[in-house]
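1. coordinates for the following, if possible.
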Amino acid sequence: MCNGSSARIAPASAVGRAEARTAARQQRKAMPLTPSTPEHVKERTEKMQRFEQEMKRRLKPKQVEKSSEVLATPALNLAGTARPEVMAAARAQAAAAATAVSFDTGVREDLLDELDARGAAGELLSQYMLEQSEVQALIAARGPSQGAIHLPAEIREICLRTMAALVSLVGLNDSKRIDAALLLDTYCALQKSSMEDLIESIPATCAAVVHLLRKMESQKCSTTTAALARVASQASLMLQQVGYRSMPEVTQQDVLQQEHLIRATLQWRLRGATVPTWLQLICKRMDVISCGNWSGVIEWVIASSSASAMTLVLHQRSYADMAPQQMANGLLGVFLVTAGLVPLQSMKPADVMLGEWEALYAKSQGQGCIPTCTLHPSMTPRFLCLLEMASGCRLDLLQNEMLATMSAMLEIVRSTNTTRTRRSTGSTREHTGVHGGDPHGRKATEASPGQQSGARIQI
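-> This next block holds a predicted model:
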């Protein structure tokens with residue numbers, strides 16, 4: 001009996017060669033994550049052909065060849081990015097990111113047109129997955145001796161505060177703080193310098209990240225690099241005060257040099273899909289594929305999950321703790337349960353006890369009771385199928401990502417409670433200066449990264 005490798009040896013007869021090619025093709029297409037019936041193989045092939053045509057139309061000529069290689073297999077292909085022995089982790093992550101449901105298979109033609117019109121086609125979902133898996137592959141390709149460097153929480157918090165002040169300074173929307181955090185995390189994971197050198201240059205890196213975001217919005221920027229450098233110098237001073245080595249003063253040349261280094265390190269991958277981007281895309285697909293039956297509820301899910309995304313991103317390092325798609329899938333599951341569209345137990349991973357699952361949800365969301373699903377039980381399987389089609393992920397993957405997200409949210413809740421306890425036991429003679437209406441009771445001098453309104457960094 002021939003094994004997988006010997007099956008690729010050309011037989012003597014033409015009939016044998018044809019049979020071998022057919023067997024090899026079916027073997028490549030055989031995917032344990034999805035049905036492998038002839039109907040599904042045909043649908044998957046047609047979807048990949050549409051994807052290839054769309055990618056050739058959108059991508060630059062030099063990218064088309066690489067995209068065609070990716071499309072040759074049902075899962076995302078990471079070939080050519082590193083040695084085979086260092087690609088195992090990247091392949092595992094990419095396989096999870098690209099769980100091979102046929103994104104638009106079974107969708108009516110009129111709904112396919114609407115998906116295209118609303119910018120939510122399956123091809124775009126595939127492109128986002130491809131871009132994210134490429135970054136994960138680059139990180140994994142560094143190998144154990146040159147592992148990815150992720151900033152310590154204390155330094156990352158200073159960076160986020162700095163970039164929040166810079167985002168406000170250059171006139172960007174507050175939502176760009178998430179873009180800045182993703183760009184910074186990705187750069188730190190891919191750059192090749194030591195941790196000490198990275199920390200020393202991190203103030204200039206923060207200024208360069210925001211300046212790049214401003215340039216991508218508009219080439220016309222009234223804020224000079226000198227102004228950005230002054231704010232970055234404040235961050236450098238803060239790092240020195242907490243015991244880290246940093247450049248004494250950030251100059252315009254430092255900022256411009258870091259811009260060039262970021263572009264080179266990321267290979268111009270400057271527009272990665274953020275958590276809100278993923279949420280918007282998946283929810284649009286849900287709304288269209290469901291024919292707008294739950295439009296109002298889905299709008300609420302988008303608004304609520306996007307608000308929580310800000311908190312999650314500021315506490316979880318992209319590609320170190322969770323990738324953007326994983327965060328988005330997890331938040332989507334949480335708020336679909338909260339909205340009553342999905343029973344909580346249907347999102348439970350198979351290896352988690354129901355009591356533990358319900359307790360995790362209640363504690364991470366600060367709720368004393370479990371939401372009741374408003375849909376009839378007979379509708380649950382259909383809605384879960386809709387969720388798989390909209391997200392491009394299998395249900396078991398969505399369940400595990402919801403588990404990871406709720407665990408992260410619980411850690412944030414515990415950290416917040418610990419901070420509150422420390423503040424409440426502090427000196428009663430100290431003036432508190434609490435913001436009006438702030439549910440966390442922060443002091444005026446302890447604003448979060450999202451509360452910076454001026455160009456001055458507050459701590």
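
2. all contacts plus neighbour counts: C-alpha atoms, from now on.
-> Will do.

3. quick check, pLDDT for Leu124.
-> At Leu124, the pLDDT value in this model is 89.

4. that one sits in which helix or strand?
-> For Leu124, the enclosing helix or strand under DSSP states H and E is helix 122-140.

5. quick check: buried residues in the helix or strand just after that helix?
-> Using DSSP H and E, the helix or strand that follows helix 122-140 towards the C-terminus is helix 153-169. Residues 155-169 are the ones in helix 153-169 that count as buried (16 or more other CA atoms under 10 Å).

6. quick one on the thing from earlier: of all the residues in the helix holding Leu124, which ones are buried?
-> For helix 122-140, by 16+ other CA under 10 Å, it's 122-130, 132-140.

7. what does stretch 407-425 give?
-> Ser407, Ala408, Met409, Leu410, Ile412, Val413.

8. Glu114 contacts Val288, doesn't it?
-> Yes - checked against CA atoms under 8 Å, the pair Glu114 and Val288 is within contact range at 7.0 Å.

9. more neighbours: these two, which one.
-> Neighbour count, other CA atoms under 10 Å: between Glu114 and Val288, Val288 has more, with 21 against 17.

10. could you look up the SS state of that one?
-> helix (DSSP: H, G, I helix; E, B strand; the rest coil).

11. try the one 3 residues further on
-> The assignment at Cys291 comes out as coil when based on three-state DSSP.

12. list the residues that contact it.
-> By CA atoms under 8 Å, 6 or more residues apart in numbering, the residues touching Cys291 are Leu111.

13. mind checking how far it is from His150?
-> 43 Å (CA to CA, to the nearest Å).

14. give me the local confidence score for the residue nearest to Thr225 when sequence neighbours are not counted.
-> In space, and not counting its chain neighbours, Thr225 is closest to Gln252: 5.5 Å by CA to CA, 6 or more residues apart in numbering. Looking at Gln252, its pLDDT stands at 90.

15. show me what contacts Gln252?
-> The contact partners of Gln252, by CA under 8 Å, 6+ apart, come to Thr225, Ala226, Leu228, Ala229.

16. apply 10 Å and report the result again.
-> Ala204, Ala207, Ala208, Thr224, Thr225, Ala226, Ala227, Leu228, Ala229, Arg230 (CA atoms under 10 Å, 6 or more residues apart in numbering).

17. what about the fifth one, neighbour count?
-> Other residues lying near Thr225 total 18 when counted by other CA under 10 Å.

18. pretty sure it sits against Val255.
-> Yes - counting by CA atoms under 10 Å, Thr225 does reach Val255; the two are 7.2 Å apart.

19. joint contacts of those two?
-> Going by CA under 10 Å, 6+ apart, residues that sit against Thr225 and also against Val255 are Ala207, Ala208, His211.

20. is it true that the first one touches Gln234?
-> Spelled out, it's Ala207. No - between Ala207 and Gln234 there is no contact under CA under 10 Å: 11.2 Å.

21. between the two, which one's more packed in?
-> The residue with more neighbours, out of Ala207 and Gln234, is Ala207; 33 against 19, by other CA under 10 Å.

22. how near is the more buried one to Ser193?
-> Applying CA to CA to Ala207 and Ser193 gives a distance of 18 Å.

23. now do Gly340
-> Counting by CA to CA, the separation of Gly340 from Ser193 is 48 Å.

24. the more surrounded of the two?
-> The neighbour count for Gly340 versus Ser193, taken as other CA under 10 Å, is higher for Gly340 (16 against 12).

25. who's in contact with that one?
-> Contacts of Gly340 by CA under 10 Å, 6+ apart are Val297, Ile370, Pro371, Thr372, Cys373, Thr374, Leu375.

26. secondary structure class for the fifth one?
-> Going back to what we said before, that points to Cys373. Once three-state DSSP is applied, Cys373 turns out coil.

27. what sits closest to it if chain neighbours are left out?
-> Gly340 (4.1 Å).

28. same check on the last one?
-> What sits nearest to Leu375 in space, not counting adjacent residues and going by CA to CA, 6+ apart, is Leu341, at 6.2 Å.

29. touching, Thr205 and Ala232? I think so.
-> Yes - Thr205 is within contact range of Ala232, at 8.6 Å (criterion: CA under 10 Å).

30. of those two, which one has the most company?
-> Neighbours per residue (other CA under 10 Å) separate Thr205 from Ala232, with Ala232 holding more: 31 against 28.
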